[in-house]
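K.L.:
Sharing a sequence plus its predicted fold:
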Amino acid sequence: MSSEQHLDKEYLSRDQVQDRLLQILLYFDGYCKEHGLRYWIAAGTLLGAVRHKGFIPWDDDVDVMMPRSDFEKLMASFNDPGDRFFLTDWNNSPISNPFPKLCDRQVFLESWGYEGVCDENLWVDIFPVDGAPDSFSEYRRWKKADRRLLYIAWAQTRKSQRLISKVAKKVVKPISKMFITYQKCMELINNRWKKLPFDESRFATCVGCDLNAKGYSYFPRECFDGSEQVEFCSHPLPAPKDYRKILEVTYGDYLSLPPEEERVDHGTRVWLA
């Protein structure tokens, strides 16, 4: 049933959204344990676990990350016998991010970039972790190339809010589609990072998870040498061994709350199917 058929939808509160997100996360945790797959909570979810022992109070999404080898096993074999949860990425959706999402069929969602473009379900983002170049300048060059491909893909798929973006989209979209599709852009991003095996590299990066102030996620690979359990909403979940270093690189003084004007969610609207 499409989201357009829910004309009388009642939006969930933030607490209700977080409860539904937790259900997806715990399902994912159980699936990875059952199938011997490595993963860690990531980004704002990791920060929430360390600083709040659960969700950041104003957050409305969940992030996890996996070494590329485990990630590819998940993508090749995932199956939910109950048919409630499913994986989606650029191959079966116009949502053009270089990582997949684990979605819940029981919960619909509208995000500003794709409202009216496609149906969406509440999700958990799954980021692959790859090796990164030894040279930070080379790493930055690769990331800039990623962003150029992302801008092309977003011009082809996402809605624009600012006038200058709308004008640019009208020019870029038809021209770019003559030479490259948004699906190919996502493939190129992932294929670039696959060249550096995670377990053999000195540095690592979380593909698509560039949330620190400079827009980069560049960590010593040894930060991921093993896992440590952290509390998230009264559940023990795996964090990278040196999660403190990862949080410091990503957020700086991660234990301090940001200014109130920065305590904002992602602006999504969520309701039950």
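P.N.:
Received the coordinates, thanks. Everything numeric in this text was worked out from a predicted model, so none of it was measured.
K.L.:
Quick one: mean pLDDT for stretch 186-206?
P.N.:
Averaging pLDDT along stretch 186-206 gives 93.
K.L.:
What is the end-to-end distance of it?
P.N.:
End-to-end distance of stretch 186-206: 15 Å, with CA to CA, to the nearest Å as the criterion.
K.L.:
The chain should start at 757 in everything you say after this.
P.N.:
In the new count, where the first residue is 757, that last one comes out as stretch 942-962.
K.L.:
Quick check: buried residues in that stretch?
P.N.:
942, 945-946, 948-949, 952, 954, 957, 959-962 (16 or more other CB atoms under 10 Å). C-beta: built from backbone N, CA, C; applies to glycine.
K.L.:
and if you look at stretch 898-915?
P.N.:
Those would be 898-899, 902, 905-906, 908-914, for stretch 898-915 by 16+ other CB under 10 Å.
K.L.:
Where does pLDDT dip in this protein?
P.N.:
Within the chain, the set of residues satisfying pLDDT under 70 comprises 757-764, 869-874, 915-931, 934, 967-971.
K.L.:
now with 80?
P.N.:
757-765, 850, 867-875, 913-935, 965-972, 1023 (pLDDT under 80).
K.L.:
quick one: which of the buried residues of stretch 898-915 sit in strands?
P.N.:
Judged by DSSP state E, the subset of the buried residues of stretch 898-915 located in strands is empty.
K.L.:
which among those residues gets closest to V1020?
P.N.:
Taking CB to CB as the measure, R914 is the one of these closest to V1020, at 19.2 Å.
K.L.:
gap between the closest one and L906?
P.N.:
Distance from R914 to L906, counting by CB to CB, to the nearest Å: 10 Å.
K.L.:
Identify the contacts common to the two.
P.N.:
Overlap of the contact sets of R914 and L906 (by CB atoms under 8 Å, 6 or more residues apart in numbering) consists of S852.
K.L.:
Looking at the buried residues of stretch 942-962, which one is closest to K809?
P.N.:
C962 (22.5 Å).
K.L.:
Would you confirm that that closest one contacts G887?
P.N.:
No. Assessed by CB atoms under 8 Å, C962 is found out of contact with G887, at 11.6 Å.
K.L.:
Could you verify that V863 is part of a helix?
P.N.:
No. Read with DSSP: H, G, I helix; E, B strand; the rest coil, V863 is strand and lies in no helix.
K.L.:
neighbours around it, how many?
P.N.:
By other CB atoms under 10 Å, the residues close to V863 number 22.
K.L.:
Quickly find the element holding the closest residue to it other than its chain neighbours.
P.N.:
For V863, ignoring the flanking residues on the chain, the nearest one in space by CB to CB, 6 or more residues apart in numbering is L878 at 3.9 Å. Counting by DSSP states H and E, the element that carries L878 is strand 876-888.
K.L.:
Show me what that strand is packed up against.
P.N.:
If contacts are counted by 3 or more CB pairs under 8 Å, 6 or more residues apart in numbering; DSSP states H and E, strand 876-888 sits against helix 770-791, strand 819-823, helix 824-833, strand 841-844, strand 857-866, helix 938-950, strand 959-962.
K.L.:
repeat that with 7 Å
P.N.:
helix 770-791, strand 819-823, helix 824-833, strand 857-866, strand 959-962 (3 or more CB pairs under 7 Å, 6 or more residues apart in numbering; DSSP states H and E).
K.L.:
Can you tell me which of those is nearest to C989?
P.N.:
The nearest among the helices and strands packed on strand 876-888, by CB to CB, is helix 770-791 at 5.6 Å.
K.L.:
Quick check: bridge partners of the residue nearest the centre of the chain?
P.N.:
Central residue check for the chain by CA atoms, centre = their mean: the C-alpha nearest the mean position is that of D881, 3.5 Å away. Judged by DSSP bridges, the bridge partners of D881 are D819, K857.
K.L.:
Name all residues that make contact with it.
P.N.:
817, 819, 855, 857 (CB atoms under 7 Å, 6 or more residues apart in numbering).
K.L.:
so which of the residues you listed is the most crowded?
P.N.:
Scoring the contacts of D881 on neighbours with other CB under 10 Å, the highest-scoring entry is D819 at 24 neighbours.
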